[in-house]
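In: have a look; sequence and predicted model below, questions after that.
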Amino acid sequence: MMIMSCSRLTNNNLQPPSYTCTPKFTTSFLPIRLRLRLSPQFPCYKNSALAITNVLKTADSPNISSDIESIFSNSKPTILVSEKLGEGGLDLLRTFANVDCSYNLSPEELCSKISMCDALIVRSGTKVTRQVFEASKGRLKVVGRAGVGIDNVDLQAATEFGCLVVNAPTANTIAAAEHGIALLSAMARNVSQADASIKAGKWERSKYVGVSMVGKTLAIMGFGKVGSEVARRAKGLGMHVVAHDPYAPADRARAIGVELVSFDEAVSTADFISLHMPLTPTTSKVFNDVTFAKMKKGVRIINVARGGVIDEDALLRALDSGLVAQAALDVFCEEPPKDSKLVLHENVIATPHLGASTKEAQEGVAVEIAEAVVGALQGELSATAVNAPMVPAEVLSELAPYVALAEKLGRLAVQLVGGGTGIKSVKVVYRSGRDPNDLDTRLLRAMITKGIIEPISDSIINLVNADFIAKQKGLRISEERVFATSSSGSPIDSIQVQISNVKSKFESALSENEEISVEGRVKYGKPHLSRVGSFDVDVSLEGNLILCRQVDQPGMIGTVGGILGESNVNVSFMSVGRNFRRKKAIMAICVDEEPDKVTLDKIGHVPAVDEFVFLNL
């Protein structure tokens, strides 16, 4: 996907089109003859309604010249706001642009309007699809999402059409944390059920005896902005707080009085579990039957993050069995939920996605997104931009083969990290036969950051925001350029990614300095893994990867390959690296399919296998 995007960048398809006559003028509504007269080949008329009127008078449709003159009497850009936005944000927008507040637009109405707009601001209800970008005919420069999630915006289409997408990730933090605490307290004391009971004319004091929160363990799953604020408030309630987050800095957790632990330890020791993790392929339905089975009987769960992180059918089973005593849910897989047995369960408190719904948060989000959109229209690079890396075409063309390598090395390295200490420091070493000062590595660093952060984060990484998000997560990425003799003429001989001060799920990936170390290069236009820890390998990074350390003895390739073959798992590449004959060796196996747990267990139980790890690339 990234290489495809690079190709499009090279073809300049990501840059918004400019019109010779005026940056604010689009000719899409004019007859074809007039559009031809206003083409880039026509003499340049800039920022002048009179000049454009004169051009139109030379055409065959003079009756529309007065309309065009009125259009260009105001040079402000036009911003379409398709969902309700706080007045503070609207006031800020109106000082800079013409603001069109048109709510509840159908997809057809949105496509009809969008060709006359320079920016679009949405919340979660408006779907900004590829059709919207196509209908804009290149005029739409910015889409602003008033909130964090951008699931309703087609990012790939936005990038292809040269449209920047920005969001407002910080203003909702306190509101979401407060709602989490509100649900925690209401659940512990049966507030919702008792309220419904007394309004039904009943008086059932003994039925709704609650549980105390003082001294109980709260596990926070996802220790970002919202999770941290929930922890502060829970500590004030006298709770013992633990957290799981592979990116959370240990010093920040200690400052709040929170202990960072592994996922399994968090869910198995907690009395209450509060979810604040993003929805990614890694976290989708991570709370399932297997996870619930690890929990204390009678645990209570709060979710104000994303509905998809919970398998709702599994949670219903856990509630029915009493394994989970109660659940308080603000988010659901489908919103609004339809005919949901989970919502109707007597031990569930449900709210309609109210995490960000305070007056203060709504105003904060409005101002934050308004500032981002205005800044983008003025040509500034927003720290909340989520797409459109900007790299000179000639640099992009040369580095395109290394983009996939950089991302895959980052993705591979982060999956080798074990334990709950969090990633703090990453070092990237580029070996090149060129003068190191001539090597522009910004795009490659961004892609390594993307590979490291995206698998277990809702952050979308590109050249614009990579450094910002890395810093935000307490991740320090340093770079070193090393001269290496290379006869290939390639700009880069190899890329090495090192993660220090962490434990490894695969000990053989540790270097002599006890750092997780993986190295790769481009061969035949494809990314290849060339080194793991101190072992040389040579395997194409396609599909998924199994790393296996075993005794260097005959028959190992056949044994492991046979296990995979019995499970109909196809091996695409295999490489064995060793430091000493008949000692220890590393086997790197690329497979087209993901082996099931039984197959992986069989590999792990081969007597000569010391350790192995499965990595999803």
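Out: Arrived safely.

In: which helices and strands does the helix ranked longest in the chain pack with?
Out: In the chain, with assignment by DSSP state H, the single longest helix is helix 393-415. Helix 393-415 sits against helix 2-10, helix 442-453, strand 494-500, strand 516-523, strand 526-532, strand 609-616, with contacts defined as 3 or more C-beta pairs under 8 Å, 6 or more residues apart in numbering; DSSP states H and E. Quick note: C-beta positions are derived from backbone N, CA and C, even for glycine.

In: nearest to residue 570, out of those?
Out: Closest approach to residue 570 among the helices and strands packed on helix 393-415 (C-beta to C-beta): strand 609-616, 15.0 Å.

In: partner strands of the closest one, with direction?
Out: Applying DSSP bridges to the sheet, strand 609-616 is found paired with strand 544-551 (antiparallel).

In: ok and the partner strand relative to strand 516-523, angle-wise?
Out: Following axes from the mean of the first three to the mean of the last three C-alpha atoms, to 10 degrees, one obtains 120 degrees for the angle between strand 544-551 and strand 516-523.

In: which parts of strand 544-551 are buried?
Out: Neighbour-count burial for strand 544-551, with 16 or more other C-beta atoms under 10 Å as criterion, is recorded at 544, 545, 546, 547, 548, 549, 550.

In: before we move on, what about stretch 164-172?
Out: Going by neighbour count (16+ other C-beta under 10 Å), the buried part of stretch 164-172 is 164, 165, 166, 167, 168, 169, 171, 172.

In: again, but for stretch 254-268
Out: 258, 260, 261, 263, 265, 266, 267, 268.

In: so the last one versus residue 177, what's the distance?
Out: Distance, residue 268 to residue 177, by C-beta to C-beta, to the nearest Å: 25 Å.

In: quick one: the strands in the stretch 451-600 of the chain?
Out: Secondary structure of the stretch 451-600 of the chain (DSSP state E, counting those that start in this stretch): strands at 476-483, 494-500, 503-504, 516-523, 526-532, 535-540, 544-551, 571-578, 584-591.

In: worst average pLDDT in those?
Out: Per-stretch mean pLDDT for the strands of the stretch 451-600 of the chain is lowest at strand 571-578 (a mean of 85).

In: in its sheet, which strands sit next to it, and in what direction?
Out: Strand pairing for strand 571-578, using DSSP bridges, gives strand 584-591 (antiparallel).

In: the partner strand to strand 535-540, inter-axis angle?
Out: Using the same axes, to 10 degrees: strand 584-591 against strand 535-540 is 10 degrees.

In: neighbouring contacts of strand 584-591?
Out: Contact with strand 584-591 is made by 508, 529, 532-533, 535, 537, 539-552, 556-557, 560-561, 564, 569-578, 610, as judged by C-beta atoms under 8 Å, 6 or more residues apart in numbering.

In: how about 7 Å then?
Out: Contacting residues not belonging to strand 584-591 are listed as 508, 529, 532, 535, 537, 539-540, 542-552, 556, 560, 564, 569-578 [C-beta atoms under 7 Å, 6 or more residues apart in numbering].

In: make a markdown table from the buried residues of stretch 164-172 and add pLDDT, distance to residue 324 and secondary structure to it.
Out: Formatted as a markdown table, these follow (pLDDT from 0 to 100; distance: C-beta to C-beta, whole Å; DSSP: H, G, I helix; E, B strand; the rest coil):
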| residue | pLDDT | distance to residue 324 | secondary structure |
| --- | --- | --- | --- |
| 164 | 88 | 43 | strand |
| 165 | 92 | 38 | strand |
| 166 | 91 | 38 | strand |
| 167 | 90 | 33 | strand |
| 168 | 90 | 34 | coil |
| 169 | 83 | 31 | coil |
| 171 | 86 | 32 | coil |
| 172 | 87 | 27 | coil |
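
In: let me have those in JSON lines, adding distance to residue 336 as columns.
Out: Formatted as JSON lines, the buried residues of stretch 164-172 follow (distance: C-beta to C-beta, whole Å):
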{"residue": "164", "distance to residue 336": "31"}
{"residue": "165", "distance to residue 336": "26"}
{"residue": "166", "distance to residue 336": "27"}
{"residue": "167", "distance to residue 336": "23"}
{"residue": "168", "distance to residue 336": "23"}
{"residue": "169", "distance to residue 336": "24"}
{"residue": "171", "distance to residue 336": "24"}
{"residue": "172", "distance to residue 336": "20"}
